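In: generate a structure from the sequence data that follows.
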Amino acid sequence: MKIQTLTIGLRVRHPQYGTGVVRSIAEKTAEIRFDDALRTVDPELSGVEPAEPSASLTGLQIPLQQFVESAVEAVMTRLGHEKPDVVVNELGLRWLKGRAVLHPSDPTLQTKEVPMDVFFHKLVGVRNQLRVLEQKINGHPGLSDPDKIEMQQYISRCHGSLTTFNLLFRNKEDQFSSKGE
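Out: I've put the predicted structure just below:
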């Protein structure tokens, strides 16, 4: 393996020492932390190979897993999706570990219970999707200003309908407003 293809943090496999992580790179050698010790090896002469797939992007080479994770995180952020634990942090303290219980009018039918954090996560998902929709409408080049205003009014009405659930939010700034966001 050529020294130029190594990056700090890259997991590599050595035929004698097993799997290790590159800690530093010099002109012709690399310090690699193996299970038993930190060793200095010449990657070209020692038979070191990548221990995981990697991606090369216009001169940039990083471990594939690191690349995919950062790309997925960027896409999820741009789409307005949040990590479940982040969403639950927005839930009011009195609702943590609570349950929403739905009773049908027909007593022969089963009651439905939903954990409050699951219900809240879905509600916050609706809020985030409305925000993304609003951004897409505002930035759409094919819509006229009157069309944008009309569509914004629908979003505002949705926010108004969802204000019923504001009591679930910990902070006022996270709540739905009848004026939209």
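In: so which residue is dead centre in this protein?
Out: Central residue of the chain (Cα atoms, centre = their mean): residue 73, 4.2 Å from the mean position.
In: wasn't it part of a strand?
Out: No: Residue 73 is assigned helix when assessed by DSSP: H, G, I helix; E, B strand; the rest coil, not a strand.
In: contacts only, for it.
Out: With contact set as Cβ atoms under 8 Å, 6 or more residues apart in numbering, residue 73 has no partners. (Glycine included, C-beta is placed from N, CA and C.)
In: how's this protein carved up into domains?
Out: With automatic domain parsing as the criterion, the domains of the chain are listed as 3-68, 80-174.
In: need the contact list for residue 116.
Out: Applying Cβ under 8 Å, 6+ apart, we find residue 116 in contact with 91, 95-100, 168.
In: pLDDT score for the residue nearest to the centre of the chain?
Out: At residue 73, the model reports a pLDDT of 81.
In: got it, and residue 102?
Out: With respect to pLDDT, residue 102 scores 91.
In: again, but for residue 179
Out: Model confidence at residue 179, given as pLDDT, is 59.
In: equivalent analysis for residue 63, please.
Out: 79.
In: so which bits of the helix or strand harbouring residue 70 are buried?
Out: Of the helices and strands defined by DSSP states H and E, residue 70 is found in helix 64-79. Neighbour counts over helix 64-79 (16 or more other Cβ atoms under 10 Å) mark residue 67 as buried.
In: quick one: residue 106 from residue 99, how far?
Out: 21 Å (Cβ to Cβ, to the nearest Å).
In: out of these two, which sits in the more crowded spot?
Out: A count of neighbours by other Cβ atoms under 10 Å puts residue 99 above the other of residue 106 and residue 99, at 12 against 7.
In: now the more buried one, nearest residue through space, not along the chain?
Out: Using Cβ to Cβ, 6 or more residues apart in numbering and skipping the chain neighbours, the partner closest in space to residue 99 is residue 113 (4.9 Å).
In: what's across from the one you found in the sheet?
Out: Beta-bridge pairing of residue 113 under DSSP bridges involves residue 101.
In: neighbours around it, how many?
Out: When neighbours are counted by other Cβ under 10 Å, residue 113 registers 10.
In: only C-alpha atoms, please: export the longest helix anywhere in the chain in CSV.
Out: Across the chain, the longest stretch assigned as helix under DSSP state H is helix 116-139. Below are the C-alpha coordinates for helix 116-139, written out as CSV (Å, rounded to 0.1, in the frame of the first residue of the first chain):
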residue,chain,number,x,y,z
MET,A,116,-45.8,9.9,24.0
ASP,A,117,-42.2,10.1,22.6
VAL,A,118,-43.3,8.2,19.4
PHE,A,119,-46.4,10.4,19.0
PHE,A,120,-44.3,13.5,19.6
HIS,A,121,-41.6,12.4,17.2
LYS,A,122,-44.2,12.1,14.4
LEU,A,123,-45.7,15.5,15.3
VAL,A,124,-42.3,17.1,15.1
GLY,A,125,-41.8,15.3,11.8
VAL,A,126,-44.9,17.0,10.4
ARG,A,127,-43.6,20.4,11.7
ASN,A,128,-40.2,19.8,10.0
GLN,A,129,-41.8,18.8,6.7
LEU,A,130,-44.0,21.9,6.8
ARG,A,131,-40.8,24.0,7.2
VAL,A,132,-39.2,22.2,4.2
LEU,A,133,-42.3,22.7,2.1
GLU,A,134,-42.3,26.4,3.0
GLN,A,135,-38.7,26.8,2.0
LYS,A,136,-39.3,25.0,-1.3
ILE,A,137,-42.3,27.2,-2.1
ASN,A,138,-40.4,30.4,-1.3
GLY,A,139,-37.4,29.4,-3.4
